[in-house]
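Visitor: Generate coordinates for the sequence data below:
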Amino acid sequence: MSRRRVLFLCLVAVVLLRPLIGYSHAPRQEAPAAATVPSRITFSETIAPIVYANCVTCHRPGEAAPFALISYEDVAKRATLIARVTESRYMPPWHAEHGYGEFLNERRLTDAQIATIGAWVKQGMPRGDDAKMPKLPEFPPDGWRLGQPDLILEMPVAFEVPASGPDVFRNFVIPTGLTEDKWVRGVEFRPSARKVVHHAIFAQVPGGSRANVYGADGRPGFGGLSAVGIADRTDSPGLGGWAPGTQPTMFSEGLVSRLPKGSDFLLQVHFHPSGKVEHEKSLIGIYFAEKGGQKDLLSLMLPAVFGFGAGIDIPPGEKKFTITDSFTLPGDAKVYGAFAHAHYLAKEMKADATLPDGSKKPLLWIRDWDFNWQDSYTYKQPFTLPRGTRLDVTLTYDNSSDNPRNPINPPRRAIFGEQSFDEMGAIGFEVEIVHKADVDAFQQALAVRGKEAIAAAGKNGTLGRLMARGARRSVQQLTIFDRQGNVVTRLGEVGSYSQAAFSPDGSRIVVVKNDPDTDGRDIWTYDIATGKSTAITSDAPQDSAPIWSPDGTQIAYVSDRENTHGIFRRAANGSGTEELIYTHTSGATIILTDWSADGRFICFWAGETMYVLPLSGERKPIELGRERGGRFSPDSRWLAFSSNQSGRFQIYVKNLEEATRASANGAAPPAVQVSNDAAVGGISWTRDGKELFFLSAQGGQSVMAVDVTSTSPFQAGTPKLLFKLPGGILAPAQLSTVSSPDGQRFVFALAVAPRRPAQ
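Guide: Below you'll find the predicted structure:
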């Protein structure tokens, strides 16, 4: 996976809901305010005006609400429920705390209106004079809340969402057919299967730019958390998004997005299975402005990238897990609106500003977050925060059984991720940079925040998990090469594979086989001579990083059980039960790389640290330093590894006994550098210990060989090129034994041409 792809993966969330902030809501009727409860209460004169002004936008046929509230009979049938949910302020859905920031179109009943509904129910729900009923609000034709769109786009083919399994991220490309540039002032999204649509993000991309990936797996669209709105965006600030509870809006003056001629509309949808098969065929209505915007706009998000690097790791039972973040404005900023996003476990979200004079300004407070009602909040009057203002955000999560919105019972550990049952979280602000001279300062400050988030995510394992998930959505085939780079054979069907490794006798391959539809991972072996495949694991947990025991009778692998990584081993023929060897509790993703020939140690790395794990005694891992991809020499005396201690990744070798002794004393043993260019892993030894192989990234991925002397002192010759790989491989630093014991064959899971979908 390229560095650029990783950055896109990390930054994609920045565009979520971006243009949903700072816009004016469509006009709506306001409920009449009343200081006291009227003495005479009837449906026609008192209750209907409240319901029509605040409820029927959603509670009418064809909309998201489960029942209509149009007639007297509709409301009377559920009057007790209506009184209860309005008294608790569960309805109408509006979660920004009243008075903590002043927002347009606040969907909030007055205390008098709530009391009036309760009194009407207690009085027996009198109907009143039908002649005095207010006129039912008029809504746009065909269900478009913002009126008839200037351009209507529709997914050409419905996408089937499975009944169960993990969440699905799918990207759909719809040609706009525009013959001239347009400026977008509003987007209205209408999903056809609302129960399974978690959220959607909109962007524009050059026409035909996704043709090489669209339908690669034979289904409409293409999978993955794509770089929506990032890779192709120049002068367009993105096209926004949709989440449950979000009301369609028109952009405020100057806050418009460019939609170039010939462009494609890119729709990314996050699906959450509902228990039955659903089919989604979205409609998108686009509204054009007469001219483009002139403002320097950006989104400020705290924590950065929805908490990507914030260390979100919530133990089961934890009622008040808190993350915080701050950002000091490098220039004057005009604030138009705010938004918040998290998943089920978020409980409270709060944002304040501390001005340079020490005064405080409340920005947003969501006291009781509800995943099912996400909205954007437009300030009644945009306001300017001066240079030096500090924004402070605090997010609190409840992962206990007492949280009625916790979807998992009993609770389990929750970590950062894009799945609904994972967690994330941030409060964002849509701002205008007041002075053009400050634009660079803002961009640089946000770039630093993004890099810091990525670095933190690399240390706590979040980055590794997302990279692995991205790798599982690509298409490969197991391919064996000779020393000249000729294809010897291919194994198995075209599919999604990773981390292939030769057995100690060179007759078999072990590999991770991925299921892109379910996001599952299992361990399989392939017999090279016959092509016969055997499933070593076939369970719900995600398994990865397989390595062979020295005699080839066992396979050790990593398994993710309730977001905790453990090392297991099992018979290499798939028989018997698995045995837990070790549980890693730091939260970081762990990658097994080798099992020593004497059977004493297993090597793995987690985050930025490499360990050797003794298989006897208390099995306490020994930390070896900021290294990865460790591979034992055949005599178990030396350890080859990859490290960027010189500023770029290179291959080194050090004495294992000295390394473990130095670790106990807090020292660093000497290491011999083997490579002389950008080496990225894929380390293997020949059985006689006289040759070492590794992958180089210089000019494309290449297999390199170097003669070595394994006696003391260790010596290495000059690396030489064996062959260049015809296609890239993913995460080479994680690979185990890529060469056969005699050094004559090499195995890789190579990308292949995608399959085309049926038309």
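
Visitor: quick one: low-confidence parts of the stretch 401-550 of the chain?
Guide: Applying pLDDT under 70 to the stretch 401-550 of the chain flags the ranges 465, 467-474, 516-519.

Visitor: where along the stretch 401-550 of the chain do the strands fall?
Guide: 414-415, 425-433, 476-482, 487-502, 508-515, 520-527, 533-535, 542-548 (DSSP state E, counting those that start in this stretch).

Visitor: Quick check: which of those is nearest to residue 349?
Guide: Checking the strands of the stretch 401-550 of the chain against residue 349 by CB to CB gives strand 425-433 as the closest, at 5.7 Å. Any C-beta I mention is one placed from the backbone N, CA and C, and that applies to glycine too.

Visitor: partners of the closest one, with directions?
Guide: strand 297-302 (antiparallel), strand 333-342 (antiparallel) (DSSP bridges).

Visitor: and the strands of the stretch 401-550 of the chain as a markdown table, adding mean neighbour count and distance to residue 198?
Guide: Output for the strands of the stretch 401-550 of the chain, formatted as a markdown table (neighbours: other CB atoms under 10 Å; distance: least, CB to CB, whole Å):
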| stretch | mean neighbour count | distance to residue 198 |
| --- | --- | --- |
| strand 414-415 | 22 | 16 |
| strand 425-433 | 25 | 15 |
| strand 476-482 | 20 | 29 |
| strand 487-502 | 19 | 23 |
| strand 508-515 | 23 | 21 |
| strand 520-527 | 21 | 20 |
| strand 533-535 | 14 | 31 |
| strand 542-548 | 24 | 21 |
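
Visitor: between the ones you listed, which one is nearest to residue 374?
Guide: Closest approach to residue 374 among the strands of the stretch 401-550 of the chain is made by strand 425-433 (11.6 Å; CB to CB).

Visitor: on that earlier part again, closest to residue 123 out of the strands of the stretch 401-550 of the chain?
Guide: strand 425-433 (42.7 Å).

Visitor: Need the strands paired with strand 425-433 in a markdown table (columns: distance to residue 441 and mean neighbour count).
Guide: Listed next are those as a markdown table, based on distance: least, CB to CB, whole Å; neighbours: other CB atoms under 10 Å:
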| stretch | distance to residue 441 | mean neighbour count |
| --- | --- | --- |
| strand 297-302 | 12 | 22 |
| strand 333-342 | 11 | 24 |
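
Visitor: Pick out the shakiest of the ones you listed, pLDDT-wise.
Guide: Mean pLDDT is lowest for strand 297-302 out of those, coming in at a mean of 85.

Visitor: Quick check: next helix or strand after it?
Guide: Using DSSP states H and E, the helix or strand that follows strand 297-302 towards the C-terminus is strand 313-314.

Visitor: Please compute how far the very next helix or strand once past that next one lies from its chain's middle.
Guide: Later in the chain than strand 313-314, the nearest helix or strand by DSSP H and E is strand 321-328. Strand 321-328 sits 20 Å away from the centroid of its parent chain (CA atoms, centre = their mean, to the nearest Å).

Visitor: same deal with stretch 696-709?
Guide: 34 Å.

Visitor: gap between the two ends of it?
Guide: Start and end residues of stretch 696-709 are separated by 21 Å (CA to CA, to the nearest Å).

Visitor: mind listing what's buried in that stretch?
Guide: 696, 697, 701, 702, 703, 704, 705, 706, 708 (16 or more other CB atoms under 10 Å).

Visitor: quick one: which of the strands paired with strand 425-433 is nearest residue 475?
Guide: Closest among the strands paired with strand 425-433, using CB to CB: strand 333-342, at 31.4 Å.

Visitor: Quick one: work out the angle between the helix or strand immediately after that closest one in the chain and strand 321-328.
Guide: Following strand 333-342 in sequence order, the next helix or strand is strand 346-354 (DSSP H and E). What separates the directions of strand 346-354 and strand 321-328 is an angle of 20 degrees, with axes from the mean of the first three to the mean of the last three CA atoms, to 10 degrees.

Visitor: Show me what strand 346-354 is packed up against.
Guide: Secondary-structure packing of strand 346-354 (3 or more CB pairs under 8 Å, 6 or more residues apart in numbering; DSSP states H and E): strand 333-342, strand 360-366, strand 390-397, strand 425-433.

Visitor: So which of those strands is nearest residue 76?
Guide: strand 360-366 (32.7 Å).

Visitor: how far off strand 333-342 does that closest one point, in degrees?
Guide: 30 degrees.

Visitor: Residue 277 contacts residue 164, correct?
Guide: No - between residue 277 and residue 164 there is no contact under CB atoms under 8 Å: 9.5 Å.

Visitor: between those two, which one's more packed in?
Guide: residue 277 (13 against 10; other CB atoms under 10 Å).

Visitor: Nice, that's everything, thank you.
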